[in-house]
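[1] task: produce atomic coordinates for the following.
(chains A and B)
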Amino acid sequence: MLHFSDYPARVNTAMNRTLFIAQRLSALVLGPLVVVHLALIIIAVRGGLTADEILARTQGNIAWVIFYTIFVIAVSIHAPIGVRNVLREWSTFSGRVIDATIIVFALLLLILGLRAVVAVTSF
Amino acid sequence: MRKTRLNPLRTHKSYIAFVGHRFSGIALALFLPAHFILLGSALGGAQNLDKYLVLADLVVFKIAEWGLVVLLAIHFFFGVRVLMLEFVEWPTRTDARTGWIIPGAVAALFVGVIFILQI
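    Numbers count the residues shown, from 1 in each chain, chains lettered A, B, ... in the order given. Here you go, the predicted structure:
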């Protein structure tokens, strides 16, 4: 059986500690947002999805701008750290390759996500 | 001849919860860029977004949509469990380690049922 002391020393770096905390804090932020998002999905898909229906709800609404901006930022922190953990545990890629990949992934999520917020809220 | 047995750690309820949380997370991470690109298409006007949304009427997309809702619910419920394990003093009264796994999975499926029935 694997024991804690069997893990490589690189696991206990300051960066990993910071990422661990960022992962948990972003999870705490995402929790309530996901509940609202799930409820909204269930309500929104009734009778089919149309662009007009989605945009009528979101366009020009500052509350949704704030909601989705926080959502995008939190998920851009949370998802890449999770993917990093998976790659470190289940892949043979080097730490550097993994870190470079997840930085690109985080930026991609942030840019595409904020672009989507602008698109659906027209802000 | 010795019988091959699965590592007991791999059949433990907590391991199943770990796998559920991990695979739902991977699937959601893969889906997010496509989700954002679709919504971002509204920059070109509502008709642009509608071009993609007609796909949502296809059966295969309906199933995928349902799958994503359930995956998000699974990731949420098992994620709450992880936070409980890490931040709440043990033993918790309801024992989040194993006691929350079945209710979490059932709650996620319940969300999926509500989604299908559109209650």
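[2] any low-confidence regions in the chain?
    Going with chain A. For chain A, the stretches with pLDDT under 70 are A:1-12, A:47, A:123.
[3] not quite, go with chain B.
    For chain B, the stretches with pLDDT under 70 are B:1-4, B:119.
[4] let me see the contact set for the residue nearest the centre of chain A.
    Nearest to the geometric centre of chain A sits A:V75, at 1.7 Å (Cα atoms, centre = their mean). Taking Cβ atoms under 8 Å, 6 or more residues apart in numbering or on different chains, we find A:V75 in contact with A:S26, A:L30, A:L109, A:G113, B:L32. Bear in mind the C-beta positions are built from the backbone N, C-alpha and C, glycine included.
[5] quick check: next helix or strand after the one helix or strand the last one maps to?
    Spelled out, that is B:L32. For B:L32, the enclosing helix or strand under DSSP states H and E is helix B:13-40. Remark: after helix B:13-40, the chain's next helix or strand is helix B:46-53, criterion DSSP H and E.
[6] what about the residue nearest to the centre of chain A, which SS state?
    helix (DSSP: H, G, I helix; E, B strand; the rest coil).
[7] quick one on the thing from earlier: of the contacts of A:V75, which is the most crowded?
    Counting neighbours by other Cβ atoms under 10 Å in any protein chain shown, A:G113 comes out on top of the contacts of A:V75 with 24 neighbours.
[8] show me the contacts for it.
    Residues counted as contacts of A:G113 (Cβ under 8 Å, 6+ apart) are A:F71, A:V72, A:I73, A:V75, A:S76, B:L32, B:F36.
[9] out of the residues you listed, the closest to B:V88 would be?
    Taking Cβ to Cβ as the measure, B:V88 sits nearest to A:V75 out of these, at 24.3 Å.
[10] may I have stretch A:19-31 exported as CSV, CA atoms only?
    Below are the C-alpha coordinates for stretch A:19-31, written out as CSV (Å, rounded to 0.1, in the frame of the first residue of the first chain):
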residue,chain,number,x,y,z
LEU,A,19,-2.8,25.6,-5.4
PHE,A,20,-4.5,23.3,-2.9
ILE,A,21,-5.9,26.3,-1.0
ALA,A,22,-6.9,28.0,-4.3
GLN,A,23,-8.7,24.8,-5.3
ARG,A,24,-10.7,24.6,-2.1
LEU,A,25,-11.5,28.3,-1.9
SER,A,26,-12.7,28.3,-5.5
ALA,A,27,-14.8,25.3,-4.7
LEU,A,28,-16.4,27.2,-1.8
VAL,A,29,-17.2,30.0,-4.2
LEU,A,30,-18.5,27.7,-6.9
GLY,A,31,-20.8,25.6,-4.7
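[11] buried set for that stretch?
    By 16 or more other Cβ atoms under 10 Å in any protein chain shown, the buried positions in stretch A:19-31 come out as A:L19, A:Q23, A:R24, A:S26, A:A27, A:V29, A:L30.
[12] stretch B:48-68 now?
    B:L49, B:D50, B:Y52, B:L53, B:L68.
[13] could you say which helix or strand contains the nearest residue in space to B:A29 that is not next to it in sequence?
    Nearest residue to B:A29 in three dimensions, chain neighbours excluded: A:A79, at 4.5 Å (Cβ to Cβ, 6 or more residues apart in numbering or on different chains). Assessed by DSSP H and E, A:A79 sits inside helix A:62-90.
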